[in-house]
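K.L.:
coordinates only, no sequence provided:
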């Protein structure tokens, strides 16, 4: 059962990686990375049970709790760039 | 390692190779940063498959949030396109090929990977595993090796982290001068404060991330974890706060002076534990003399130096983040 879950997760990870590498837009890649993180959480959780080491779930908790911070940083990055592009635009008109 | 685990490992490493090739090939640095996130996840999963949970946790704590944030902070200061590669690509390829051949030749003298008869498995590892129970009596042998048996190496590592932090602050400035020079970021425009859903959800999660950080810190003797991982997790929660609420607010919560004191204080705490061992009649970083019961003394020493590591790592990571962010805002 766990092995079926692991294989399915690995296939999904490969597909997400394909999307992240192929693109074509930035948002495809951001979504792909986010999904890859979620699949890693699932994979590690399933592996922890296969190994019979549920205490390794700490690692899964770390990913579950802080993996989304990178996405916030991406949002902030694009917001900053848009703000700065907006500031530059009027300067060119003058 | 069972055959199935081996197959999983090979699959993950193949994905890792595809990812790294894509990172090398892409000229768009933003894409490279995104793919680095995937590479970090794959490396952590591979470590996990090899039963190295402590290392995987370190990779997770740093790679999951902080490295992406820092890369994007650096990217905000520069252009998104990589410059065309330098001249003489064939020369570079030749040098890399020669070095690779030398390294491969050198591995012929190595015992086979993971062989139980390798010298390191035959003498040192069994000694660590047996003596941990007797001398320190904590379940996590990795923590015992890292914090006690090889305390010198770890002290060196902490000093390396500290030095890296000082170096970055020298290059980018502490950010205090930028805000004093009159580049006040308008309070309303800072961070993601206008975006209600990220803000509310993010703020809800911050206490839990901090709690996880402290759990990893103080439970490191029983489960994977310790000061390095906990410092990174705590730093991630503070960085999340400043992404949501803006630089200035975060600096009001933990001012720059406190961050500098954390950077220095952690290293000093580690060193002070070592000196305390000397004063009490033992060797430097020998914790057995800290308590009347040597085993208790070892446990006290490990607890204290792990706290020192955590404080320094958190201080350094948050300082580096502020250095990048204030540079980008100015």
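P.N.:
That came through, no problem. Just so it is clear, the model here is predicted, and its values are computed rather than measured.

K.L.:
quick test: name the residue nearest the centre of the chain.
P.N.:
Since no chain was named, I'll use chain A. residue A:34 (2.0 Å; Cα atoms, centre = their mean).

K.L.:
hmm, I had chain B in mind actually
P.N.:
Ranked by distance to the mean C-alpha position of chain B (Cα atoms, centre = their mean), the top residue is residue B:62 at 4.9 Å.

K.L.:
that one: what secondary structure?
P.N.:
helix (DSSP: H, G, I helix; E, B strand; the rest coil).

K.L.:
so it touches residue B:231, yeah?
P.N.:
No: at 9.8 Å, residue B:62 does not count as touching residue B:231 under the criterion of Cβ atoms under 8 Å. No exception for glycine: its C-beta is placed from N, CA and C like everyone else's.

K.L.:
got the contact list for residue A:33?
P.N.:
Counting by Cβ atoms under 8 Å, 6 or more residues apart in numbering or on different chains, residue A:33 makes contact with A:20, A:70-71, B:34-35, B:37-38.

K.L.:
is it located within a strand, as I assumed?
P.N.:
No: Residue A:33: not assigned to a strand; according to three-state DSSP it is helix.

K.L.:
one step back: list the contacts for the residue nearest to the centre of chain B?
P.N.:
Residue B:62 touches B:40, B:232, counting by Cβ under 8 Å, 6+ apart.

K.L.:
look up phi and psi at the nearest residue to residue B:166 once chain neighbours are set aside.
P.N.:
Using Cβ to Cβ, 6 or more residues apart in numbering or on different chains and skipping residues adjacent in sequence, the residue nearest residue B:166 is residue B:263, 7.5 Å away. The phi/psi pair for residue B:263 (degrees, to the nearest 10) reads phi -60, psi -50.

K.L.:
do I have it right that residue B:35 meets residue B:26?
P.N.:
Yes: shown here, residue B:35 and residue B:26 form a contact pair, counting by Cβ under 8 Å, at 7.2 Å.

K.L.:
who has more neighbours, the two?
P.N.:
Comparing residue B:35 with residue B:26 by other Cβ atoms under 10 Å in any protein chain shown, the one with more neighbours is residue B:35, at 26 against 16.

K.L.:
any idea what sits nearest the more buried one, other than its immediate chain neighbours?
P.N.:
residue B:23 (4.8 Å).

K.L.:
any residues of the stretch 201-330 of chain B in contact with chain A? List them.
P.N.:
B:202, B:205, B:208-209, B:212, B:215-216, B:223-225, B:229, B:233, B:236-237, B:239-240, B:243-244, B:328 (Cβ under 8 Å from any Cβ of the partner chain).

K.L.:
how many other residues sit next to residue A:12?
P.N.:
Neighbour tally, residue A:12, other Cβ under 10 Å: 16.

K.L.:
show me where chain A has helices.
P.N.:
Along chain A, the stretches classed as helices by DSSP state H are A:2-22, A:26-51, A:57-66, A:69-93.

K.L.:
so the first one versus helix A:26-51, what angle?
P.N.:
The one in question is helix A:2-22. Angle, helix A:2-22 to helix A:26-51, by axes from the mean of the first three to the mean of the last three Cα atoms, to 10 degrees: 160 degrees.

K.L.:
picking that back up, pLDDT at the residue nearest to the centre of chain B, what is it?
P.N.:
pLDDT for residue B:62: 88.

K.L.:
and it, how close does it get to residue B:298?
P.N.:
Look at residue B:62 and residue B:298: by Cβ to Cβ, to the nearest Å, they are 28 Å apart.

K.L.:
now do residue A:73
P.N.:
Per Cβ to Cβ, residue A:73 is found 40 Å from residue B:298.

K.L.:
the residue nearest to the centre of chain A reaches residue A:71, doesn't it?
P.N.:
Yes: Residue A:34 lies in contact with residue A:71 (Cβ under 8 Å); the separation is 5.6 Å.

K.L.:
tally up the residues packed near residue B:233, please.
P.N.:
Neighbours of residue B:233 using other Cβ under 10 Å come to 33.

K.L.:
how about it: what's its closest non-neighbour residue?
P.N.:
residue B:213 (3.8 Å).

K.L.:
where are the low-confidence patches of chain B?
P.N.:
Scanning chain B for pLDDT under 70 picks out the ranges B:1, B:85-86, B:174-191, B:328-330.

K.L.:
could you redo the last one with a cut-off of 80?
P.N.:
B:1-2, B:64-65, B:79-89, B:111-123, B:173-195, B:247, B:326-330 (pLDDT under 80).

K.L.:
which ones are touching residue 22?
P.N.:
I went with chain A, as the question did not name one. Per Cβ under 8 Å, 6+ apart, neighbours of residue A:22: residue A:28.

K.L.:
the chain in question should be chain B.
P.N.:
Residue B:22 touches A:20-21, B:35, counting by Cβ under 8 Å, 6+ apart.

K.L.:
same list (those residues) but as TSV, adding distance to residue A:63.
P.N.:
Converted to TSV, the contacts of residue B:22 look like this (distance: Cβ to Cβ, whole Å):
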residue	distance to residue A:63
A:20	17
A:21	21
B:35	18
